[in-house]
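# structure here, sequence nowhere to be found:
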């Protein structure tokens, strides 16, 4: 079963704009991770945020985590056409295995 | 390239046939995971190994599915008597350490059952 739910399911923006994706989950977690998947390809790890962290940055990525609301957000600043992909949040509930959401399909138009 | 590799990348088989997929994790990663992904969905956990021990199996993994990691290195996933519902992308990932860390995914094996 899928624990995370991303919102929106699809997002279309212009190059240079910021993209924000949200993720909600149901159970207590050890950490939450965001992955990117280009069409028909494997997943690429973007960022991991632990349950005792509230915000994390990596390049143009900013992730927040609110464990009281069981939610996370991924912000991609100054988007590029190459950022076009599906983005998934995945939760680790202290077992190591990941539970993924259905993903957000991001399209960045040049 | 020292990333996770999977073989084959594509497999077309007829219903009722057996198929076997192979995954080679990143060298010295002690954890290896198998996930299944269908169109429009996120990956779903199937099973994982720590070294050669299979520690957890999902309820999705019916008796027709079996996975091994005999020497704690590469792993195989076998599906017996394939059904059309088995058509999916099968993803392998590996990670290092006893605690949870980021997982590194392979390119996947796309299975089509006709």
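Yes, it's here. Computed from a predicted model, the values in this text were never measured in an experiment.
# report the contact partners of residue B:4.
Taking C-beta atoms under 8 Å, 6 or more residues apart in numbering or on different chains, we find residue B:4 in contact with A:42, B:23-26, B:92-94, B:104-106. Any C-beta I mention is one placed from the backbone N, CA and C, and that applies to glycine too.
# so which of those sit within strands?
Judged by DSSP state E, these include B:23-24, B:92-94, B:104-105 as members of strands.
# what are the boundaries of the strands in the chain?
Chain wasn't specified; assuming chain A. Secondary structure of chain A (DSSP E): strands at A:5-7, A:10-14, A:19-24, A:31-37, A:43-50, A:55-58, A:61-66, A:71-76, A:85-92, A:98-100, A:104-109.
# please refer instead to chain B.
Taking DSSP E as the criterion, chain B carries its strands at B:5-7, B:10-13, B:19-24, B:31-37, B:44-50, B:53-57, B:65-68, B:75-79, B:88-95, B:104-105, B:109-113.
# so which of these gets nearest residue A:60?
strand B:104-105 (21.3 Å; C-beta to C-beta).
# report pLDDT for the residue in chain B that chain A sits nearest to.
Per C-beta to the nearest C-beta, the residue of chain B with the smallest distance to chain A is residue B:42, at 3.2 Å. Looking at residue B:42, its pLDDT is 93.
# state the distance from it to residue B:5.
Noted for residue B:42: a distance of 22 Å to residue B:5, by C-beta to C-beta, to the nearest Å.
# compare the two (neighbour count), which wins?
Between residue B:42 and residue B:5, residue B:42 has the larger neighbour count (other C-beta atoms under 10 Å in any protein chain shown), namely 25 against 16.
# returning to what we had before: the residue nearest to the residue of chain B closest to chain A when sequence neighbours are not counted pairs with what?
Excluding the flanking residues, the one nearest residue B:42 by C-beta to C-beta, 6 or more residues apart in numbering or on different chains is residue A:100, at 3.2 Å. According to DSSP bridges, the partner residues bridging residue A:100 are residue A:90.
# show me where pLDDT drops low in chain B?
Counting by pLDDT under 70, chain B contains low-confidence ranges at B:1, B:98-100.
# near chain A, which residues of it show up?
Taking C-beta under 8 Å from any C-beta of the partner chain as the criterion, chain B approaches chain A at residues B:4, B:31, B:33, B:35, B:40-45, B:48, B:56, B:89, B:91, B:93, B:95, B:99-108, B:110.
# Throw together a ChimeraX command that grabs the buried residues out of these.
To isolate the buried ones among the residues of chain B next to chain A in ChimeraX, judged by 16 or more other C-beta atoms under 10 Å in any protein chain shown, type:
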select /B:4,31,33,35,41,42,43,44,45,48,89,91,93,95,100,101,102,103,104,105,106,107,108,110
